[in-house]
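Chemist: Quick one, fold the following:
(one chain, ligands or ions: 1)
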Amino acid sequence: MQPLPAKSASVSLCDDPVTDLELLIKKISPDKVFVLTDEQTYRYCLPLIKDVPSITDDRTMTIRSGDDFKNIEALSSVWRFLSDKGASRHSLLINLGGGMPCDLGGFAAATYKRGIPFVNLPTTLLAMVDASVGGKTGINFNGFKNEIGVFRLAEMVLIHIQFLETLDRENLLSGYAEMLKHALIDKSETLEKLMIMGPSDITAKGLSGLVAESVLVKDRYVENDPRESGIRKALNLGHTIGHAFESLSMKKGKPVLHGYAVAWGIVAELQLAGEKLKFPSAVREKVERYITDMYGHHNFNESDFDDLYALMKHDKKNKGERINFTLLAGVGKPVIDVDCSRDEIFRAIGVRNSDTTTN
Ligand code: GLY
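Modeler: Below is the predicted model of the structure:
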């Protein structure tokens, strides 16, 4: 186990998940250990930790995979499982999975008997650099993403990079979008390092050094503002428009991966940043080109704009009628709570590079 110098939470890189989990469980000393997996991680990742003696089949629960199932029914099934199996306040829940099991399992643990400890063992790039770190837990509700939830930190986040070998290209790219976001709110050097990576470089091996760096960018923002009353909102870059893309795609029955929606959201929000905060156009064009090459372009058209706008109005980060954006005055210079008009937003969504491909 190699602890990262994170200040907001305990995060470690882990080469040998069996040994590291055994050590961690010994330290936490729970009365029972429960594991939450989804269909994917049950199949591909659980085998890598099943030799931990306190992990047993009868205390391992599997929920359906995918953000569609990050809902109250799945949450209730986890509460019921814990209750039926006699979990106490001194039991431990290990969330083995991507953003969905980490968010939902974290919320289940945070609320069961008013809170039991949990460990996140993220298995996707998205969960390693974002969802498993920083204490946001929750579920989707009433058609809105992460509508219900609480802040609660995991006892430990254990990052085993080799889990990335179980991921397909789209899921690797989805997580990479959050790394691009972290680089944009960090510094030009970090961004340049990411933008020289082509699709074939984005592999478990190629990413090993960059994942820790990305986690530490997030950690800096979370440490300064754990409850997101101020500068943590920088981490929402690309997400105000990105979440609307994601939610509308889901409503239309054509879900897109979170990171793809965020990547398209970053492109649109860099347009806004250029217009409102004079974000340098040369950098904007470079990032746009990179994102378009890697993720294509969103395929919403003008007939969708009102629906997207309505979704943005519901964003939990808004205050009153305003839609609150995090924009950039430059790389590493986030400006929070920027108010943008409907026309400005529509223009930003509508802009297409001349050399884009459709997705
Ligand atoms: N995913 C953004 C945050 O954790 O604040």
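Chemist: burial count for the closest residue to the ligand within the stretch 51-200 of the chain?
Modeler: Proximity of the stretch 51-200 of the chain to the ligand (C-beta to the nearest ligand atom) peaks at Gly134, 4.1 Å away. From N, CA and C alone the C-beta is placed, and that goes for glycine too. As a burial measure, Gly134 scores 25 neighbours (other C-beta atoms under 10 Å).
Chemist: quick one: contacts for it?
Modeler: If a contact means C-beta atoms under 8 Å, 6 or more residues apart in numbering, then Gly134 has 8-9, 153, 218-219, 222, 226, 235 as its contacts.
Chemist: Kindly report the same for Met179.
Modeler: With C-beta under 8 Å, 6+ apart, Met179 has these contacts: 125, 129, 194, 210-211, 214.
Chemist: Out of the residues you listed, which two sit at the greatest distance?
Modeler: Greatest spatial distance among the contacts of Met179 (C-beta to C-beta): Leu125 and Leu194, at 12.3 Å.
Chemist: more crowded one of the two?
Modeler: Neighbours per residue, other C-beta under 10 Å: of Leu125 and Leu194, the larger number sits with Leu125, 29 against 21.
Chemist: Please name the nearest non-neighbouring residue to that one.
Modeler: Gly175 (2.5 Å; C-beta to C-beta, 6 or more residues apart in numbering).
Chemist: Could you do Gly99 as well?
Modeler: Per C-beta to C-beta, 6+ apart, closest to Gly99 is Ala131, 3.5 Å.
Chemist: Could you give me the buried positions within stretch 143-163?
Modeler: 145-146, 148-149, 152-163 (16 or more other C-beta atoms under 10 Å).
Chemist: cool, and stretch 318-330?
Modeler: By neighbour count on 16+ other C-beta under 10 Å, the buried set for stretch 318-330 is 318, 323-328, 330.
Chemist: Who wins on neighbours among the contacts of Gly134?
Modeler: Of the contacts of Gly134, with other C-beta under 10 Å as the count, Lys218 tops at 26 neighbours.
Chemist: Return the list of helices and strands in contact with the helix or strand in which Glu288 is found.
Modeler: According to DSSP states H and E, Glu288 maps onto helix 281-295. Helix 281-295 sits against helix 169-184, helix 188-195, helix 258-277, with contacts defined as 3 or more C-beta pairs under 8 Å, 6 or more residues apart in numbering; DSSP states H and E.
Chemist: Could you list the low-pLDDT ranges of this protein?
Modeler: Along the chain, segments meeting pLDDT under 70 span 352-359.
Chemist: Near the ligand, which residues of it are found?
Modeler: By the rule C-beta under 6 Å from any ligand atom, the part of the chain lying against the ligand is 130, 134, 136, 228, 232, 235.
Chemist: can you rerun that using 8 Å?
Modeler: For the chain, the contact set with the ligand under C-beta under 8 Å from any ligand atom comprises 130-131, 133-136, 178, 218, 221-222, 228, 232-233, 235-236, 239.
Chemist: Quick check on those: which are buried?
Modeler: Among these, those buried by neighbour count (16+ other C-beta under 10 Å) are 130-131, 133-136, 178, 218, 221-222, 228, 232-233, 235-236, 239.
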